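Colleague: how does the following fold in three dimensions:
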Amino acid sequence: MRSDLKDRVVFLFIGMLACLAAGCKTLPAAKHPIETFQLVKSDTSWNGALLPAYPKGQPEITILRIVIPPGKSLDKHKHPVINAGVLLKGELTVRTEGGKVFYLKAGESIVEVVDTWHYGKNEGPEPAEIIVFYAGTKGAPVSVPGQN
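Modeller: Down below sits the predicted model:
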């Protein structure tokens, strides 16, 4: 499969899954029309950096559901691959090692930073639940832990 076609197929798949996670209707009742909501379309991450080219190799999609209790933080980490998510519940604050901050509320989407140390913290009163889609390659990690 041509590389540009492969990239389109991967993001079409990710978009469909993001739509499902956000509650888009895919099998409407007989009397209701189909609705489609674009959550995000971007060639940059939330901090404005251009997304890198896809790595060579066999594509592999990973989808994680992450639940962060109130007051808890993810450990510092970075992603070597492009990823995007939809916050289903709660609030999430993402901070980079360089001091950039991104605030996310339920129903909002994020195009994550790539190869940038960061962490997410739930500063809200309820659990934060996010679905994250990673476009990587078979056998490669989607996240690299940092030292806190």
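
Colleague: ranges for the strands of the protein?
Modeller: Here the chain has its strands, by DSSP state E, at 59-68, 77-78, 82-89, 91-96, 101-105, 109-111, 118-121, 128-137, 144-145.

Colleague: contacts for the third one next, please.
Modeller: Judged by CB atoms under 8 Å, 6 or more residues apart in numbering, the contacts made with strand 82-89 from elsewhere in the structure are 14, 18, 21-22, 39-40, 51-52, 54, 104-112, 114, 126-135, 142. C-betas here are computed from N, CA, C, even on glycine.

Colleague: and that strand, which strands flank it?
Modeller: strand 109-111 (antiparallel), strand 128-137 (antiparallel) (DSSP bridges).

Colleague: mean pLDDT, distance to V67 and mean neighbour count added to these, as CSV?
Modeller: What follows is the strands paired with strand 82-89, written out as CSV (pLDDT from 0 to 100; distance: least, CB to CB, whole Å; neighbours: other CB atoms under 10 Å):
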stretch, mean pLDDT, distance to V67, mean neighbour count
strand 109-111, 97, 16, 21
strand 128-137, 97, 5, 21
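
Colleague: returning to that earlier point: specify the stretch among the strands of the chain that is closest to N47.
Modeller: Nearest to N47, of all the strands of the chain, is strand 91-96, at 6.4 Å by CB to CB.

Colleague: now the angle between strand 128-137 and that closest one, please.
Modeller: Taking axes from the mean of the first three to the mean of the last three CA atoms, to 10 degrees, one finds strand 91-96 and strand 128-137 inclined to each other by 50 degrees.

Colleague: helices or strands next to strand 91-96 in the packing?
Modeller: strand 101-105, strand 118-121, strand 128-137 (3 or more CB pairs under 8 Å, 6 or more residues apart in numbering; DSSP states H and E).

Colleague: closest one to K78 among the ones you listed?
Modeller: Comparing the helices and strands packed on strand 91-96 by CB to CB, strand 118-121 comes nearest, at 6.8 Å.

Colleague: circling back: and the helices and strands packed on strand 91-96 as JSON lines, adding distance to E91?
Modeller: Converted to JSON lines, those look like this (distance: least, CB to CB, whole Å):
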{"stretch": "strand 101-105", "distance to E91": "6"}
{"stretch": "strand 118-121", "distance to E91": "9"}
{"stretch": "strand 128-137", "distance to E91": "6"}
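
Colleague: which stretch among the ones you listed comes nearest G71?
Modeller: strand 118-121 (8.1 Å).
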